[in-house]
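Colleague: this one's structure only:
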């Protein structure tokens, strides 16, 4: 599963070090490429995030994931490649919008295991 399959929740975890959270992970292995490719990549990412938000807001998260009730949902994008400027802008804006409805959003650049919390 990955960003290319927008209708699937890739991975979820209730971290032992953050037991009040449930983390839903998007696996993004795609390169960003030129401006046209970045637009396509951002559309894939937006579609995948929308699936995760619908999963949370519909309450399906509570019927499909044991122990999710009462946890704060965080969508974490595990990216194999660093975000370009356009990607950073998108993630920042999406994080602002999702924060208003109680959903966290963060991007993790796997290569350096650097977390960019939004």
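Modeller: Nice, thanks for sending it over. Not measured: the values here are computed from a predicted model.

Colleague: quick one: residue 22 and residue 68 touch, right?
Modeller: Yes - contact criterion C-beta atoms under 8 Å: residue 22 and residue 68 qualify, at 5.0 Å. All C-beta atoms are positioned from the backbone trio N, CA, C, and that covers glycine.

Colleague: residues that sit against both of these two, list them.
Modeller: Common contacts of residue 22 and residue 68 (C-beta atoms under 8 Å, 6 or more residues apart in numbering): 12, 14, 61.

Colleague: what sits closest to the second one if chain neighbours are left out?
Modeller: By that I understand residue 14. residue 22 (5.3 Å; C-beta to C-beta, 6 or more residues apart in numbering).

Colleague: same check on the last one?
Modeller: What sits nearest to residue 61 in space, not counting adjacent residues and going by C-beta to C-beta, 6+ apart, is residue 68, at 5.0 Å.

Colleague: helix, strand, or coil at that neighbour?
Modeller: Put simply, residue 68 is coil when judged by DSSP: H, G, I helix; E, B strand; the rest coil.

Colleague: residue boundaries of the helices in the chain?
Modeller: Here the chain has its helices, by DSSP state H, at 35-57, 60-64, 85-99.

Colleague: need the ones you listed in TSV with mean pLDDT, distance to residue 29 and mean neighbour count, can you?
Modeller: Formatted as TSV, those follow (pLDDT from 0 to 100; distance: least, C-beta to C-beta, whole Å; neighbours: other C-beta atoms under 10 Å):
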stretch	mean pLDDT	distance to residue 29	mean neighbour count
helix 35-57	95	11	16
helix 60-64	95	24	14
helix 85-99	96	14	15
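
Colleague: wait, which of the ones you listed is closest to residue 106?
Modeller: Nearest of these to residue 106, taken as C-beta to C-beta: helix 85-99 at 7.5 Å.

Colleague: please consider this matter closed, and thank you.
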